[in-house]
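Visitor: I'll drop the sequence and a predicted model, then ask my questions.
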Amino acid sequence: MEIMKWLPVKPLIQFRSVSKLWKSVIDSSDFINGYGARHTQPHSLILRYSADYSPDVLSYIRLVDDDIETFKVKQQQEFAPFVVSPLLKQFLFSMVVGACHGLLCFFGLHKGYNNNWMVAIWNPSIRKSFDPTVLNILCANNMPWHVEVFTLSSGVWNVIPSGNCPRQSIQLNCPATQVVIDRFIYWGAREKTFTHDGKSTINHMVVSFDLTDNKFKVVDFPDSLTNCLTKDWFLPVSVSKLRGSLIVSGYTKVEEAVHCGVWVMEHDESFRKLFTIGAPIHRILAFKESGEPFFENPNKDGLDVYDPCSQQIKNLGISGESFFMGSYKESLLLLNHLDSHIYFDNK
């Protein structure tokens, strides 16, 4: 069984049919968690986007962190679109709101059940979906935060105490970007404040949620970073992850031209400037292991990558829009749960 933990997911799924003993062992929590602790998989990203510029034509591609030019070659050869779960096909429309430990989290409008808004968790490795482990956050119009958390172990939504939430003047950026690092979830956020003379200003920040004690925390930016960012409500900061560190990217102005600045948060919650992309771009989607960021081309020409050393931007030849990218690895998570199971909120 220790040897089997080093095998890819596909043969492990087949081995479950060998005997009841093998199935029970592979489906056990100990085996699934031990399999997830492997460190032999190359750094990979999963890409979801609207192909042919049509919201009804969705493509899923796995990008192994390799030479950039091989992406164009392998896209049609090895990175065939994933077989989408039947549960996800029941959504009128959906968006990916996060990826972690080989799982994707979807949010959208379901065709059945009175057209309810629903959340689904999907493991593309085992082509299995589940509904869901997620935070439900309402923070708008200067109202107190209302947050509920759903866990697989309880199967119910539990309300987070108001004392564990940020002040009501803080709003998460929309569309929200989030990233999971260790036991924390991070979002980009903003707050409108007023001076004594009635003038307003926008402060950008990061909000984190600790999954161990269910508490939020506001991480304010230092003046050196705050002074660089534009004070525009419609140009929010976004968050991403590079080698286990939180990355913040935001819009800056250099001689009236809008650029994108990129900072990394250190362990003491200070921020260090990495580089500036000298062009207006959409938000950074993800990073290569080498530190090169991917982003959607602002001219709608598909997916681009930026080389901080040469300061060159390259197009990867993947046409489309509405891109989502997240870290990805094969996992057995959800294997020991029912597929396409739906929890109803009876409140």
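Guide: Alright, I've got the coordinates.

Visitor: Run through the helices of the stretch 151-300 of the chain in chain order.
Guide: Secondary structure of the stretch 151-300 of the chain by DSSP state H, counting those that start in this stretch: the helices cover 223-226.

Visitor: shaky segments in it?
Guide: 280, 300 (pLDDT under 70).

Visitor: can you give me the strands in it?
Guide: 157-159, 170-172, 178-181, 184-194, 200-210, 215-220, 238-242, 245-254, 257-265, 271-277, 284-287, 293-296 (DSSP state E, counting those that start in this stretch).

Visitor: how about the ones you listed, which one is nearest residue 108?
Guide: Closest approach to residue 108 among the strands of the stretch 151-300 of the chain (Cβ to Cβ): strand 178-181, 16.4 Å. Every C-beta, even on glycine, is put in place using the N, C-alpha and C of the backbone.

Visitor: Sheet-wise, list the partners of the closest one with their directions.
Guide: strand 184-194 (antiparallel) (DSSP bridges).

Visitor: Ok, which of the strands of the stretch 151-300 of the chain comes nearest residue 151?
Guide: Of the strands of the stretch 151-300 of the chain, nearest to residue 151 by Cβ to Cβ is strand 157-159, at 7.7 Å.

Visitor: What pairs with the closest one, parallel or antiparallel?
Guide: According to DSSP bridges, strand 157-159 forms sheet pairs with strand 146-150 (antiparallel).

Visitor: Hey, what's the angle from the partner strand to strand 200-210? Just curious.
Guide: Using axes from the mean of the first three to the mean of the last three Cα atoms, to 10 degrees, the inter-axis angle of strand 146-150 relative to strand 200-210 is 20 degrees.

Visitor: Let me know the angle separating strand 146-150 from strand 215-220.
Guide: 120 degrees.

Visitor: average pLDDT across strand 146-150?
Guide: Averaged over strand 146-150, pLDDT sits at 93.

Visitor: what do you get for stretch 86-106?
Guide: 82.

Visitor: Restricting to C-alpha, output that stretch in PDB.
Guide: Taking Å, rounded to 0.1, in the frame of the first residue of the first chain, the C-alpha atoms of stretch 86-106 are listed here in PDB:
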ATOM      1  CA  PRO A  86     -23.100  15.400 -14.400                       C
ATOM      2  CA  LEU A  87     -23.800  17.600 -11.400                       C
ATOM      3  CA  LEU A  88     -22.000  20.500 -13.000                       C
ATOM      4  CA  LYS A  89     -23.900  20.000 -16.300                       C
ATOM      5  CA  GLN A  90     -27.000  20.800 -14.300                       C
ATOM      6  CA  PHE A  91     -26.000  24.400 -13.800                       C
ATOM      7  CA  LEU A  92     -27.500  27.100 -16.000                       C
ATOM      8  CA  PHE A  93     -24.200  28.900 -15.600                       C
ATOM      9  CA  SER A  94     -21.300  28.700 -13.200                       C
ATOM     10  CA  MET A  95     -18.000  30.200 -12.200                       C
ATOM     11  CA  VAL A  96     -14.900  28.800 -10.500                       C
ATOM     12  CA  VAL A  97     -14.300  30.500  -7.200                       C
ATOM     13  CA  GLY A  98     -11.300  28.600  -6.000                       C
ATOM     14  CA  ALA A  99      -9.000  25.600  -6.300                       C
ATOM     15  CA  CYS A 100      -7.200  23.700  -3.600                       C
ATOM     16  CA  HIS A 101      -5.700  20.200  -3.100                       C
ATOM     17  CA  GLY A 102      -6.800  19.000  -6.500                       C
ATOM     18  CA  LEU A 103     -10.400  20.200  -6.000                       C
ATOM     19  CA  LEU A 104     -12.400  22.900  -7.800                       C
ATOM     20  CA  CYS A 105     -15.100  25.000  -6.200                       C
ATOM     21  CA  PHE A 106     -18.000  26.100  -8.400                       C
END
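
Visitor: from the chain's centre, how far out does that stretch sit?
Guide: 11 Å (Cα atoms, centre = their mean, to the nearest Å).

Visitor: Buried residues of it, list them for me.
Guide: For stretch 86-106, the neighbour count (16 or more other Cβ atoms under 10 Å) marks 87-88, 90-91, 94, 96-100, 102-106 as buried.

Visitor: now, which of those residues sits nearest residue 2?
Guide: Nearest to residue 2 among these, with distances taken as Cβ to Cβ, is residue 102, at 20.4 Å.

Visitor: residue contacts, that closest one?
Guide: The contact partners of residue 102, by Cβ atoms under 8 Å, 6 or more residues apart in numbering, come to 36, 123-125, 328-331, 333.

Visitor: That one and residue 335, how far apart?
Guide: 11 Å (Cβ to Cβ, to the nearest Å).

Visitor: Mind checking which of the buried residues of stretch 86-106 are in helices?
Guide: Among these, no residue falls in helices (DSSP state H).

Visitor: Show me what residue 179 is bridged to.
Guide: When bridges are called by DSSP bridges, residue 179 pairs up with residue 186.

Visitor: Make residue 1 into 641 and carry on from there
Guide: Sure, I'll start numbering at 641, so the last one becomes residue 819.

Visitor: quick one: the residue positioned nearest the centre of the chain and residue 869, what's the gap?
Guide: The centroid of the chain falls nearest to residue 738 when counting by Cα atoms, centre = their mean (3.0 Å). To residue 869, residue 738 is 24 Å away according to Cβ to Cβ.

Visitor: tell me, what's touching residue 742 and residue 975 both at once?
Guide: Contacts common to residue 742 and residue 975, judged by Cβ under 8 Å, 6+ apart, are residue 763.
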